[in-house]
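Trainee: Need a 3D model of the following:
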Amino acid sequence: MSDYESFEPIDSQVDLSSFDDEFETADAPSYDEVPDGKYQVKIQTAKLESSQKGDPMIKFDLVVISGSQAGRHIFKNSVITQASLPYVKGDLKTLGLELAKFSELAGRLDELLDKTLEVTKRTRGEYTNVYFNRRLNIAAAPSGGLADEDLPF
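Mentor: A predicted model of the protein is given here:
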C-alpha cells in the first residue's frame with residue numbers, strides 16, 4: 001500500500017463556494033525575517049540533525065523575548081565540521097555547557113533549553129549569521145516578555 005492509499009479520499013461534496021469572494025481579496029500573511037540587530041532570546045529548541053551535505057548540525061530555534069520583535073523566531077544552524085568546531089565549542093561555552101567529550105552533546109542538548117542570551121543577527125547578501133554574544137540571567141515570562149522582577153527599574 002502506498003502512502004497515498006492510506007489516506008481517505010477528499011470529499012468532493014464539500015462546498016467551499018461560500019469562501020470564494022473572501023479568498024479573492026484575502027492577503028496571504030508575509031513571513032518576513034526578523035531584521036538584523038541585537039536581540040534578547042530564549043532557546044526554545046536545540047536539536048542535533050544533519051545538514052544537506054550530511055554533516056552533523058545543531059539546529060536552534062530562538063524566541064525573541066523583548067522589544068518590538070518579541071515572540072518572533074530566529075533560527076540558527078551550527079554545522080559541525082573540523083573547520084567550524086572551534087566556533088561550535090565557543091557557542092556551547094557561551095551557553096554554559098561544558099563537555100568532557102564532544103560525543104556527550106546529543107545527550108545534553110536539553111540543558112540548553114530555556115537559556116536566555118543576547119544574539120546578533122547579521123545578513124550579508126543571501127547569508128544570515130546569528131552570533132551568540134553572551135548569556136543573560138533573565139527568565140522569560142509566560143507571555144514571551146520579561147517578567148516584572150527581571151526589569152532593571
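
Trainee: What segments of the chain are helices?
Mentor: Secondary structure of the chain by DSSP state H: the helices cover 20-25, 85-94, 105-108.

Trainee: And these: which comes nearest Leu48?
Mentor: Leu48 sits nearest to helix 105-108 of all the helices of the chain, at 5.1 Å, using Cβ to Cβ. Every C-beta, even on glycine, is put in place using the N, C-alpha and C of the backbone.

Trainee: and of the helices of the chain, who's closest to Val79?
Mentor: Of the helices of the chain, nearest to Val79 by Cβ to Cβ is helix 85-94, at 8.5 Å.

Trainee: Can you tell me which of the helices of the chain is packed in deepest?
Mentor: Neighbour counts (mean count of other Cβ atoms under 10 Å) averaged over each of the helices of the chain peak at helix 85-94, with a mean of 15.

Trainee: now that helix, how far from the centre of its chain.
Mentor: 18 Å (Cα atoms, centre = their mean, to the nearest Å).

Trainee: and it, what does it pack onto?
Mentor: Here helix 85-94 touches strand 73-79, strand 127-136, going by 3 or more Cβ pairs under 8 Å, 6 or more residues apart in numbering; DSSP states H and E.

Trainee: That helix - what's its average pLDDT?
Mentor: For helix 85-94, mean pLDDT is 97.

Trainee: what about Leu16, neighbour count?
Mentor: 7 (other Cβ atoms under 10 Å).

Trainee: Just read off the phi/psi values of it.
Mentor: Note on Leu16: backbone dihedrals following degrees, to the nearest 10 are phi -100, psi 0.
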